[in-house]
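Asker: sequence plus the predicted model coming up.
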Amino acid sequence: MDSITFSLYLLLSSSLSLLIFVLLRSSIITRRHLRLPPGTLGLPFLGETLHLISAYKSENPDPFIDDRVSQFGPIFTTHVFGEPTVFSADPETNRFILQNEGKLFESSYPGSISNLLGRHSLLLMKGSLHKRMHSLTMSFANSSIIRDHLMLDIDRLVRLNLESWTDRVLLMEEAKKITFELTVKQLMSFDPCEWTESLRKEYMLVIEGFFTIPLPLFSSTYRRAIQARSKVAEALSLVVRERRRESSERGERKNDMLGALMDEEGGGGGFSDEEIVDFLVALLVAGYETTSTIMTLAVKFLTETPLALAQLKEEHDEIRARKDNLEALEWNDYKSMPFTQCVVNETLRVANIISGVFRRAIMDVDVKGYTIPKGWKVFASLRAVHMDHDHFKDARSFNPWRWQTNSGTTNSVNLFTPFGGGPRRCPGAELARVELSVFLHHLVTRFSWVPAEEDKLVFFPTTRTQKRYPIILQRRNVPTSCIE
Ligand code: HEM
Ligand SMILES: *[C@@H]1O[C@H](CO)[C@@H](O)[C@H](O)[C@H]1NC(C)=O
Ligand SMILES: *[C@@H]1O[C@H](CO)[C@@H](O)[C@H](O)[C@H]1NC(C)=O
């Protein structure tokens, strides 16, 4: 779900808009005395898009931003994905952009993405409806709900999955299966079965549609994704109708996201089936790639940092020693994993699953002595701040211990924002942290492993490893054969 990817289709329109931009730029400046952030526009037609893509296709995308920051400062103008875009690598400016969502800026996705998400998805909502639905989503994934309801399912489904592992797995695939099952359970209380697995297959086709470049309307992957989306929507509509019948006939109300969406008291109510289905599809999209990637990368970073892995194992063996072998992890256990939380933060910092967020200026906006003209795109780079040596000592190495003393950061204002901020801050942030922690617990207490092949991290079209991280596993001596 990388926002950069989302905008790729705009490549097509780049020639036109660059031309207009060049014509406008001089007139804007002279007519309105605007001071645009400095920068270069790169090649005619393509702007700097190819530089950006080739940087993000490599293991080290940071020079793209580094070069420009050292030349122009942390706020600069570039031309990517078809539009002139103001890049911010500055934490204060990022905060300003995120906090002023709906006032000075609004989120901005291309039409091909909107078609896949559905018109009524949270990611595309604006104004007061967005506010209401954002808080509804929060109230389904907040920490007390996780503690009292979701934790048990997370523990059970993670264990169930790990039980079925063979001695060689593609970790990314397994992680995707786990996060999909968890999300479906939490949204509509379904346990894994044939139905959920066939839904997942369709759903994977939808996801592929997000990453087609650069001519989605002519691409067969995109067409297949649109077809798969209507199958997913159809399957979910059936579930919604069935649930409505249950609740009117028997007065039943399940304690899940679908229940909350249908229930006036839960903050929902009054939504059409189509609205509910769009909402569910978007939640599946938002939580799936992100959480499974972070699971995979945590394991990769730990494997490459044996001291950290050893310390993590120790922490989890201690927790296991306090419990029966098959006893589920509880909220209190989650709260007593200090080193794990360092690993979680450090993985989020280094991996930057969502490298930044795109917005559009609703009006002329002044920041730091520059003016961003109305209608322009803005990219708040979260990654640039996380990778900045001024903010994080030795920023580009994986060092979970930096979080122990907080000496890893030079000051504490808004430097670490893997989940964004402001009114659109990720409502699944805590859930993602818990899922990763529980997953790591069961993984390190059950298995030891080695990478099966060398695998590289790339950042385009999404953050992932090239080979889906194949590992060879060995079971540790913990009896694990009699899961309920
Ligand atoms: C490691 C995992 C995750 C990361 C790094 C992540 C990151 C983010 C970020 C940066 C945003 C802000 C986007 C923007 O401002 O335009 C966001 C939004 C969102 N996330 Fe997550 N996310 C993760 C997991 C999840 C999960 C598990 C869920 C499921 C509940 C979820 C649901 C959402 C939704 C619905 C939004 C849109 C919020 C809105 O527009 O109001 N995310 N996420
Ligand atoms: C979480 O949401 C529930 C409603 O689903 C609400 O009653 C509770 O107060 C919320 N808890 C927190 C910590 O916000
Ligand atoms: C991890 O980051 C969060 C901010 O997202 C912070 O509140 C928390 O204290 C950090 N955890 C550790 C162990 O430093």
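Answerer: Now that the structure is in, tell me what you want to look at. Just so it is clear, the structure is predicted and the values come from calculations on it, not from any experiment. Ligands and ions are numbered 1, 2, ... in the order given.

Asker: list the contacts for Thr293?
Answerer: Contacts here follow Cβ atoms under 8 Å, 6 or more residues apart in numbering; on that basis Thr293 touches Met172, Ala175, Ala351, Ile353, Thr462, Thr463, Arg464. The way it works is simple: take the backbone N, C-alpha and C, and place the C-beta from them, glycine included.

Asker: how close does the closest residue to the third one other than its chain neighbours sit to ligand 1?
Answerer: The shortest distance from Ala351 to any non-neighbouring residue, by Cβ to Cβ, 6 or more residues apart in numbering, is to Leu297 (4.5 Å). Taking Cβ to the nearest ligand atom, to the nearest Å as the criterion, Leu297 is separated from ligand 1 by 10 Å.

Asker: nearest to ligand 2, of the contacts of Thr293?
Answerer: The closest of the contacts of Thr293 to ligand 2 turns out to be Ile353 (Cβ to the nearest ligand atom; 24.5 Å).

Asker: for the closest one, grab phi and psi.
Answerer: phi -50, psi -50 (degrees, to the nearest 10).

Asker: ok, the one 4 residues further on next?
Answerer: The phi and psi torsions at Val357 (degrees, to the nearest 10) take the values phi -120, psi 140.

Asker: verify the stated contact: it with Glu106.
Answerer: No - using Cβ atoms under 8 Å, Val357 is not in contact with Glu106; the gap is 11.3 Å.

Asker: which single residue of this protein ends up nearest ligand 1?
Answerer: Counting by Cβ to the nearest ligand atom, the chain gets nearest ligand 1 through Gly428, at 2.2 Å.

Asker: how near is that residue to ligand 3?
Answerer: For Gly428, the distance to ligand 3 equals 13 Å [Cβ to the nearest ligand atom].

Asker: next, count neighbours for that residue.
Answerer: Residues lying near Gly428 (other Cβ atoms under 10 Å) number 20.

Asker: got it, and Lys368?
Answerer: 13.

Asker: also the one 5 residues further on?
Answerer: Other residues lying near Pro373 total 18 when counted by other Cβ under 10 Å.

Asker: which ones are touching it?
Answerer: Ile28, Leu34, Leu36, Ala361, Asp364.

Asker: state the distance from the residue nearest the centre of the chain to ligand 2.
Answerer: The centre of the chain sits closest to Thr290, judged by Cα atoms, centre = their mean, with a distance of 3.8 Å. As for Thr290, its distance to ligand 2 is 22 Å (criterion: Cβ to the nearest ligand atom).

Asker: that residue is in what secondary structure piece?
Answerer: Following DSSP states H and E, one finds Thr290 within helix 273-303.

Asker: which helices and strands does the helix or strand that contains Ala175 pack with?
Answerer: For Ala175, the host element (DSSP H and E) is helix 171-188. On a contact count with 3 or more Cβ pairs under 8 Å, 6 or more residues apart in numbering; DSSP states H and E, helix 171-188 meets helix 151-163, helix 194-210, helix 257-262, helix 273-303, helix 429-446.

Asker: that helix to helix 429-446, inter-axis angle?
Answerer: 130 degrees (axes from the mean of the first three to the mean of the last three Cα atoms, to 10 degrees).

Asker: surely the residue nearest to Ala351 meets Thr347?
Answerer: Yes - between Leu297 and Thr347 there is a contact under Cβ under 8 Å: 5.8 Å.

Asker: can you redo the helices and strands packed on helix 171-188 as JSON lines with distance to Leu326?
Answerer: Listed next are the helices and strands packed on helix 171-188 as JSON lines, based on distance: least, Cβ to Cβ, whole Å:
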{"stretch": "helix 151-163", "distance to Leu326": "8"}
{"stretch": "helix 194-210", "distance to Leu326": "24"}
{"stretch": "helix 257-262", "distance to Leu326": "28"}
{"stretch": "helix 273-303", "distance to Leu326": "22"}
{"stretch": "helix 429-446", "distance to Leu326": "11"}
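
Asker: okay, those helices in CSV with mean pLDDT next?
Answerer: CSV is the format used below for those (pLDDT from 0 to 100):
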stretch, mean pLDDT
helix 151-163, 97
helix 194-210, 88
helix 257-262, 87
helix 273-303, 92
helix 429-446, 97
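
Asker: any idea which of these gets closest to Gly82?
Answerer: Nearest to Gly82, of all the helices and strands packed on helix 171-188, is helix 194-210, at 17.1 Å by Cβ to Cβ.

Asker: okay, angle between that closest one and helix 171-188 too, please.
Answerer: Using the same axes, to 10 degrees, helix 194-210 lies at 110 degrees relative to helix 171-188.

Asker: and helix 194-210, what does it pack onto?
Answerer: When contacts are defined as 3+ Cβ pairs under 8 Å, 6+ apart, helix 194-210 sits against helix 111-117, helix 171-188, helix 220-250, helix 273-303.

Asker: residue numbers of the stretch 101-250 of the chain in contact with ligand 2?
Answerer: By Cβ under 6 Å from any ligand atom, the residues of the stretch 101-250 of the chain that approach ligand 2 are Ser139, Asn142, Ser143, Ser144, Ile145.

Asker: which pair of these spans the longest distance?
Answerer: Taking Cβ to Cβ, the two most distant members of those are Ser139 and Ser143; they sit 11.1 Å apart.

Asker: continuing past the helix or strand hosting Leu307, what's the next helix or strand?
Answerer: Using DSSP H and E, Leu307 sits within helix 306-321. Later in the chain than helix 306-321, the nearest helix or strand by DSSP H and E is helix 331-334.

Asker: who are the packing partners of that next one?
Answerer: Using 3+ Cβ pairs under 8 Å, 6+ apart, helix 331-334 sits against helix 429-446.

Asker: please name every helix or strand in contact with the helix it packs on.
Answerer: Against helix 429-446 (3+ Cβ pairs under 8 Å, 6+ apart) you get helix 151-163, helix 171-188, helix 273-303, helix 306-321, helix 331-334, helix 338-351.

Asker: which parts of the helix or strand just after that helix are buried?
Answerer: Sequence-wise, the next helix or strand downstream of helix 429-446 (DSSP H and E) is strand 447-451. The neighbour-count check on strand 447-451 (16 or more other Cβ atoms under 10 Å) flags Phe447, Trp449, Pro451 as buried.

Asker: okay, the angle between strand 447-451 and helix 306-321?
Answerer: Angle of strand 447-451 versus helix 306-321, following the same axes, to 10 degrees, is 160 degrees.

Asker: just checking, what packs against strand 447-451?
Answerer: helix 273-303, strand 470-475.

Asker: okay if I get those as TSV plus distance to Arg200?
Answerer: Below are the helices and strands packed on strand 447-451 laid out as TSV (distance: least, Cβ to Cβ, whole Å):
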stretch	distance to Arg200
helix 273-303	9
strand 470-475	20
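
Asker: for these, which one sits closest to Val458?
Answerer: Each of the helices and strands packed on strand 447-451 has some distance to Val458 by Cβ to Cβ; the shortest is helix 273-303, at 11.5 Å.
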